[in-house]
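Student: Provided below for reference: sequence and predicted model.
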Amino acid sequence: MKIITCLGDSITDCEHCFCPDSMGNGYVKLLSERLFNEGFDCQVRNRGTDGFTIQRLLQRVCASNDFHNNIITILIGINDVSIIADTNRSVQQQELLFKRFSKHYFDIITILSKQTSSILLLEPFIFPWPAVYKAWLPYFERMSKQIKNLAFQFDLPFLPLHKELNQMAQRYGFSAITTDGIHLTLQGHKFITDKLYSCILDHNYV
């Protein structure tokens, strides 16, 4: 049986600790259901945690020995963008946080690579709705590029999400895709599920 472990923040978490099946109510649960319905012998695990930053995820990875031979997905970064963009930090402090983000993400991949060869990096995302988040976009774009560069450096799949999610929001209305500019509606989670499912199959992970 293949084990798929989804790491991340609240977008992955989706209150999974309060659900009987520990899957949450977002893309992790939808992915698990789809793989089961398609006949794949997989166990999907939700290891997202509300509020997690890249540093907190690194601490978890360092403290755990629970990822051997897992297929790992990582979706994280928007809480780090929030800290950089919305805390009145100086330019020098922001630069330091960007460097730490890249270093911590590098360390996470390095540690996990010793336990498994199957790691998939998902791009974080944000919506300019409410309008206050427009000011976050330059910080987000830089962080997204850092993650994409790490995927290239480690020869890992990188799953872009931001552009297409925003295109969907333009087409159907922001409230159809996001609840608050950061978190997703069911339709938004279904989009991630479709993209992640296709990527997993394309790379023969299951």
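Tutor: Arrived safely, thanks for sending. What you see is a predicted model, and the numbers here were worked out from it, not measured in a lab.
Student: and the strands in the chain, which stretches?
Tutor: All strands of the chain, identified by DSSP state E, fall at 2-8, 42-48, 71-75, 118-122, 158-159.
Student: of those strands, flag the one that's most buried.
Tutor: Among the strands of the chain, the stretch with the highest mean neighbour count (mean count of other CB atoms under 10 Å) is strand 71-75, at a mean of 25. C-betas here are computed from N, CA, C, even on glycine.
Student: strand partners (parallel or antiparallel) of it?
Tutor: Here strand 71-75 is paired, per DSSP bridges, with strand 2-8 (parallel), strand 118-122 (parallel).
Student: what does that strand rub up against?
Tutor: Residues from elsewhere that reach strand 71-75 (CB atoms under 8 Å, 6 or more residues apart in numbering): 2-9, 11-12, 48, 57, 108, 112, 116, 118-122, 124, 196, 200, 205-206.
Student: try 6 Å this time
Tutor: Surrounding strand 71-75, the residues in contact under the criterion CB atoms under 6 Å, 6 or more residues apart in numbering are 4-8, 12, 112, 118-122, 205.
Student: how far does it sit from its chain's centre?
Tutor: Computed by CA atoms, centre = their mean, to the nearest Å, the separation of strand 71-75 from the middle of its chain amounts to 7 Å.
Student: I'd like the mean pLDDT over that strand, please.
Tutor: Across strand 71-75, pLDDT averages out at 98.
Student: next: stretch 166-174.
Tutor: Across stretch 166-174, the average pLDDT comes to 98.
Student: one more: stretch 48-64?
Tutor: Stretch 48-64 carries an average pLDDT of 98.
Student: need the contact list for the closest residue to Gly26 other than its chain neighbours.
Tutor: Closest residue to Gly26 apart from its sequence neighbours, by CB to CB, 6 or more residues apart in numbering: Cys14 at 3.4 Å. Taking CB under 6 Å, 6+ apart, we find Cys14 in contact with 24-26.
Student: ok, now with 8 Å
Tutor: Per CB under 8 Å, 6+ apart, neighbours of Cys14: 24-29, 46, 48, 189.
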